[in-house]
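> dropping the sequence and predicted coords here.
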Amino acid sequence: MPGIAAALQSRCELRCLPGRAIDAAAVADAEVLLLRSVTRVDAALLAGNAGKLRFVGTATIGRDHLDEVLLHDRGVQVVSAPGCNAQAVLEYVLAALCALRSMRDFDWRGRTLGVVGLGEVGRRVATLASRLGCRVLYCDPYVDDQRWPRLPLAELLEQAQLLSLHVPLTRSGEHATWRLIDAAALARMPEGSVLISTCRGGVVDEAALRQALRTGPLAHAVLDVWEGEPCIQSATLDKVLLGSPHVAGYSQEGKWRGSLRVLEALFEFWGESCPCAMPVSPCIDLGRIDEGDVLARVMLRMVPLLRDDAALRALAPGDGAGFDALRRFYPWRHEASAYRLDTSDHEAATILRQLGVQVGAPVA
């Protein structure tokens, strides 16, 4: 969580711990708890905190790791960071599509893309895909966006040659998403289709996914999220085309946005002004790129999916500590707005500009 220590170390007693090391003893006298998604905030964690906790801030989009009913009943203010890493996830999805074209000659242009969950990330994916010539359909019971047809999940799956998942993980209620994509759902998809999941492990039934990849209809899958994280199933990793350790949203800009959202809310809670601001991203010059698949070369430079896949596959089966280490020590990755290049590939230049890449001659 960049920026947290600098903003708070002179303001309060600050204790920094790895997310999975935050236990009941660590928060027994805590008034404020700032975290990311690996820390489960529930009755067990707060068993020794006798009403001292007043503020919980998670620098993530998702909130499924928080027992919000419990926190509400305790009078704890809860803040998350919706949209903080939406750009990073969008770039990951496009990089995955580019990798499919490079590795398996799967041309996604002109195909039908089904987006499940039209929140901040899903809208960005749908918008870019539309601009790139895909036919976009979406399923979201809470959103009505007239730009694309909204369908029930079953109907969307029957048409989706590409399926991109962007829902929160919920286990109860009318629209629960736990194992939303199960054997019956996958059986509805067209033969030769592709699934990309960047939301939460557990939304996809991995046993069903493995079967669909063995016998159809799925041709390929790209997973960034897994059931049972951090101890993921090697049988699933063996079947997917590409896998990564839950880092689709791990851009430095995205992490900073998450930290700032939490810090701004915390200082407002204290009745003070937030003392920090978003740092300026560097300018990373890729030079001139004209050979080969320019879009894929640039996207896989910005989002190093092949590197991340190799690092994940190098872990021993069930190595949860290794999975966490890949996340905790993830090499710096910047979003498209930090890059510039020259290219004569007009199509690639158009797409990259839409992402925020500076394309053109160097500024003198």
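That came through, no problem.
> before we move on, which element is Arg101 in?
helix 86-104 (DSSP states H and E).
> for the record, mean pLDDT for that helix?
Average pLDDT, helix 86-104: 96.
> chain center to it: distance?
With Cα atoms, centre = their mean, to the nearest Å as the basis, helix 86-104 stands 12 Å off its chain's centre.
> following it, which helix or strand comes up?
Criterion used, DSSP H and E; the element after helix 86-104 is strand 112-116.
> quick check: which element contains Asp285?
strand 284-288.
> buried residues in that strand, which are they?
Within strand 284-288, the residues that count as buried by 16 or more other Cβ atoms under 10 Å are Leu286. Yep, even glycine has a C-beta here, placed from its N, CA and C like the rest.
> do the same with stretch 121-131
121-129.
> go on, stretch 73-92?
76-81, 83-92.
> neighbours of the nearest residue to Pro275 once chain neighbours are set aside, how many?
With Cβ to Cβ, 6 or more residues apart in numbering as the criterion, Pro275 has its nearest non-adjacent residue at 5.8 Å, and that residue is Ala7. Residues near Ala7, counting by other Cβ atoms under 10 Å, number 18.
> ok, now which ones touch Ala7?
263, 274-276 (Cβ atoms under 8 Å, 6 or more residues apart in numbering).
> next one: it relative to Arg313, how far apart?
The gap separating Ala7 from Arg313 is 38 Å, by Cβ to Cβ, to the nearest Å.
> was I right about Leu45 contacting Ala25?
No - Leu45 sits out of contact with Ala25 when judged by Cβ atoms under 8 Å, with a separation of 10.1 Å.
> got the residue ranges for the strands in the stretch 51-200 of the chain?
For the stretch 51-200 of the chain, applying DSSP state E, counting those that start in this stretch gives strands covering 55-58, 77-79, 112-116, 135-139, 162-165, 193-197.
> for the ones you listed, which one sits closest to Pro282?
strand 55-58 (27.3 Å; Cβ to Cβ).
> list the strands paired with that closest one, with their directions.
strand 32-35 (parallel), strand 77-79 (parallel) (DSSP bridges).
> got the contact list for the last one?
Right, strand 77-79. 54-58, 63, 66, 68, 71-72, 261-262, 265-266, 269.
> quick one: mean pLDDT for that strand?
In this model, strand 77-79 carries a mean pLDDT of 97.
> again with stretch 173-193
96.
> going forward, the N-terminal residue is numbered 21.
Happy to do that; since the first residue is 21 now, the last one works out to stretch 193-213.
> give me the buried positions along it.
Those would be 197, 199-201, 205-206, 208-210, 213, for stretch 193-213 by 16+ other Cβ under 10 Å.
> what does stretch 86-95 give?
So, applying 16+ other Cβ under 10 Å, buried residues of stretch 86-95: 86-87, 91.
> for it, how far is the first residue from the last?
Length of stretch 86-95, first residue to last, Cα to Cα, to the nearest Å: 14 Å.
> got the buried residues for stretch 45-55?
By neighbour count, with 16+ other Cβ under 10 Å as the criterion, the buried positions of stretch 45-55 are 46-47, 50, 52-55.
> how far does it sit from its chain's centre?
Distance, centroid of stretch 45-55 to centroid of chain: 26 Å (Cα atoms, centre = their mean).
> just the C-alphas of that stretch, formatted as CSV.
Taking C-alpha atoms only, stretch 45-55 is exported to CSV below (Å, rounded to 0.1, in the frame of the first residue of the first chain):
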residue,chain,number,x,y,z
ALA,A,45,-3.5,-10.2,18.7
ALA,A,46,-2.2,-7.7,16.1
VAL,A,47,-5.5,-5.7,16.1
ALA,A,48,-6.5,-6.1,19.7
ASP,A,49,-5.9,-2.4,20.4
ALA,A,50,-6.2,-1.1,16.9
GLU,A,51,-8.4,1.9,16.2
VAL,A,52,-7.8,1.9,12.4
LEU,A,53,-7.2,-1.0,10.1
LEU,A,54,-5.9,-0.5,6.6
LEU,A,55,-5.5,-3.6,4.4
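> where in the stretch 271-384 of the chain is pLDDT low?
Scanning the stretch 271-384 of the chain for pLDDT under 70 picks out 381-384.
> let's see 90
The stretch 271-384 of the chain contains residues with pLDDT under 90 at 296-297, 300-302, 352, 380-384.
> show me which of the contacts of Ala27 are buried.
Looks like the contacts of Ala27 have 283, 294, 296 buried, using 16+ other Cβ under 10 Å.
> span of stretch 193-203 from start to end?
OK, stretch 193-203 end separation, Cα to Cα: 21 Å.
> ok, and what's touching that stretch?
136, 161-162, 173, 183, 185, 187-191, 215, 217, 220, 222-225, 227-229, 231-232.
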